[in-house]
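>>> The sequence and its predicted three-dimensional model are supplied below.
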Amino acid sequence: MEIAYFLGCIMNNRYPGIEKATRILFEKLGIGLNDMDGASCCPAPGVFGSFDRKTWLSIAARNLTIAEEMNSDLMTECNGCFGSLFEANLELKEEESLKNEINEVLSEVGKEYKGSINVRHFAEVLYNAVGFDKLDEILTTPLNLDVAVHYGCHFLKPTEVIGLDNAERPTILDELVEATGARSVPYKDKMMCCGAGGGLRARDKDVAISMTKEKLDNMVDAGVDAIVEICPFCHMQFDVGQTEVNQKYGTNYSLPVFHLAQLYGLAMGLNKEDLTLDANEISADPALAKLVAELDANISE
Amino acid sequence: MSLLKSLKAFFGSSDKDVIKNKPVEEKAPINNRKVDTNSKNKNFSTDKITEEKKKAKEKVSKAKEEIKEKTSKAKEKVSETTEEIKEKVSKSTENSEVNPSEKKEKKGDNMTLLEENLVIRPDSVNHEFTQLFVDAGIDTVEHCFQCGTCSGGCPSGRRTPYKIRQIVRKCLLGLKDEVISDPALWMCTTCYTCQERCPRSVKIVEIIKLARNEAAKAGFMAPAHRATGSFVIKTGHAVPINDATKILRKKVGLSELPPTTHSNPKALEDIRTIVEATGFDKLIGYNMETNELTE
């Protein structure tokens, strides 16, 4: 299996450990991750989707043509990119007149959208194309962690077009997390947004982090060791946003944040440096210490 | 105008408004309609009174039960409490000067856009605005029956004056100016909770995005959003790389620059050609020659 690997912005330009872990994971899985030379921002749905639909569609379509030229489905590890590219791909496939309109723009850069590939999310590829038997072979270090699973908004919704799982009570990500031995702990308003999306973080950070605080309150109440998500923008909001919450509300939250790829990195025995956990503002050490303590206990047994 | 005020200005309703807003023939533009803020405060304190009365009643009935069981000392205490409550209630009633029957009516008024005393004049209705949604395939805007499920689940609505049900209604009514000038329009995180739960399958997030497109065209754009747009024109990324990440990438054996527009000048040129072709540079006020936002 070959996949066109769409990077996006925040993962590769802020948290490269997510990219690193993914490259190692897919090598072990025997799936070819091929770089999409010259890909750009998806573009950011909050600003481009909100400001000008045609520009949003044109830049998204340009990215899609790169994967089309590679003859393989596109995979992203960001809910925002997934939302943007999945939606753009669907609309362009379904509406001939729209496709023609966008192709007119693309003709200026010598490209043509055909509608020959699918847009997939990292977590969906792991769940549907890889499967748990294969994952069990690779995730060899059991992780004794209680985690708050955060789905984010654009992985599953709108269900009408994505149709992966129930939006109110999904299990996909919980199952993927529990494949590492970690436990997904239920918490209040689990499906609530992190607060970053739709351009809100850029426009009104106070409102955005008030949502993040509500999520953090609920996660901490549930007594978890860490947050696991599948979106670098949510990742940033829980990481940088957590510091902002502490500053604004005088809280002292210190919940480590892992992208699923980083959690899998730990379960593959990768070290903290490879996963660039130091790039996080919130230290991952408390969660790592718990893992090391257990490892030591196992060894002494 | 603050968010709250602009919403109040639109939905502000009071007995005084009924008198002020004479029939449609008078043609006072809707925006000039004065809002009696005092009467708004009344509404607020009315709610408070209801709360307090309810609490007081609970307290009294609880106290009554205790009377039956306990000593005369307790009786004294209860009557004391009752006195206190009575005093409190009468005090707050005095302050608000609203009688209970009025209060019930008002509460109803605040729940709907179709209140009797709200006057929507023909010159504030823009039918082309409504048609935009229909033409864009979001004809479900016409299916909304104002149940409020959307607002009930909205995380932004819990903390800001963002009222998604009202926005959908305004879009259907063609109140373009109301919709696009309202800063609350930008409080949506596009989380889709409303759309998922809508019993009429209204494409609510699509409505918001299209309304925002119209707002942007009219110049309602936050500086931070224009900046994000400018980063994409400059670098191809909304969040471009920085020195710290370059070092990290190298350290873990990744290419210092990702294989994106960051390491492909021709690709970046493509992005710039596209935004010029769609006019996005002009929309956000970006000068392609100086490579900066104007103003």
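Received it, and whenever you're ready, just let me know what you need.
>>> Lowest mean pLDDT among the helices and strands of the chain, which one is it?
In the absence of a named chain, chain A is used. helix A:285-300 (a mean of 82; mean pLDDT, DSSP states H and E).
>>> Can you look at chain B instead?
Min over SSEs of chain B, mean pLDDT, DSSP H and E: helix B:15-20 (a mean of 37).
>>> before we move on, the earlier item: by contact count, what packs against the least confident helix or strand of chain A?
Helices and strands touching helix A:285-300, as assessed by 3 or more C-beta pairs under 8 Å, 6 or more residues apart in numbering or on different chains; DSSP states H and E, are absent. Heads up, the C-betas are built off the backbone N, CA and C, glycines and all.
>>> Name the residues of it that come out as buried.
For helix A:285-300, the neighbour count (16 or more other C-beta atoms under 10 Å in any protein chain shown) marks A:Ala287, A:Leu288, A:Lys290, A:Leu291, A:Glu294 as buried.
>>> Which part of chain A gets nearest to chain B, residue-wise?
Nearest residue of chain A to chain B: A:Gly38, at 3.0 Å (C-beta to the nearest C-beta).
>>> Now the phi/psi pair for that residue, please.
phi 80, psi 10 (degrees, to the nearest 10).
>>> Pull the contacting residues for it.
When contacts are counted by C-beta atoms under 8 Å, 6 or more residues apart in numbering or on different chains, A:Gly38 touches A:Ile66, B:Pro259, B:Thr260, B:Thr261, B:Asn264, B:Lys266, B:Ala267, B:Asp270.
>>> State the distance from the third one to chain A.
By that I understand B:Thr260. 5 Å (C-beta to the nearest C-beta, to the nearest Å).
>>> How many residues are close by that residue?
The tally of other residues near B:Thr260 (other C-beta atoms under 10 Å in any protein chain shown) stands at 27.
>>> what does the fifth one give?
A total of 17 residues lie near B:Asn264 under the criterion other C-beta under 10 Å.
>>> cool, the last one as well?
For B:Asp270, the number of neighbouring residues by other C-beta under 10 Å comes to 22.
>>> who's in contact with it?
B:Asp270 neighbours (C-beta under 8 Å, 6+ apart): A:Gly38, A:Arg62, A:Val109, A:Lys111.
>>> From those, pick the one nearest B:Thr140.
A:Arg62 (29.6 Å; C-beta to C-beta).
>>> Helix or strand: which one has the closest residue to A:Arg53 other than its chain neighbours?
Of all residues not flanking A:Arg53 in the chain, B:Asn213 sits nearest, at 5.7 Å (C-beta to C-beta, 6 or more residues apart in numbering or on different chains). Using DSSP states H and E, B:Asn213 maps to helix B:204-217.
>>> So which bits of that helix are buried?
For helix B:204-217, by 16+ other C-beta under 10 Å, it's B:204-216.
>>> thinking again about what came up before, any idea how far B:Lys170 is from the residue of chain A closest to chain B?
42 Å (C-beta to C-beta, to the nearest Å).
>>> swap in A:Pro232?
35 Å.
>>> So which of the two has more stuff around it?
A:Pro232 (29 against 24).
>>> Would you work out how far apart the start and end of stretch A:248-261 are?
30 Å (C-alpha to C-alpha, to the nearest Å).
>>> do the same with stretch B:248-268
End-to-end for stretch B:248-268, by C-alpha to C-alpha: 24 Å.
>>> Low-confidence regions, the stretch 101-250 of chain B specifically.
When residues are selected by pLDDT under 70, those of the stretch 101-250 of chain B lie in B:101-118.
>>> Strands of that one, start to end?
Taking DSSP state E, counting those that start in this stretch, the stretch 101-250 of chain B contains no strands at all.
>>> what do you get for the stretch 201-301 of chain A?
A:226-229, A:257-259.
>>> Check which residues of the longest one are buried.
Counting neighbours by 16+ other C-beta under 10 Å, one finds that the buried residues in strand A:226-229 are A:Ala226, A:Ile227, A:Val228, A:Glu229.
>>> With stretch B:241-259 instead?
B:Ile241, B:Thr245, B:Lys246, B:Leu248, B:Arg249, B:Val252, B:Leu254, B:Leu257, B:Pro258, B:Pro259.
>>> now the helices: where do they sit in the stretch 51-200 of chain B?
For the stretch 51-200 of chain B, applying DSSP state H, counting those that start in this stretch gives helices covering B:72-96, B:100-110, B:127-135, B:149-153, B:164-173, B:176-181, B:193-197.
>>> Please name the residues that touch residue 240.
No chain in the question, so chain A it is. So A:Val240 contacts A:Glu281 (C-beta under 8 Å, 6+ apart).
>>> could you do chain B instead?
B:Pro240 neighbours (C-beta under 8 Å, 6+ apart): A:Cys9, A:Asn13, B:Phe231, B:Lys234, B:His262.
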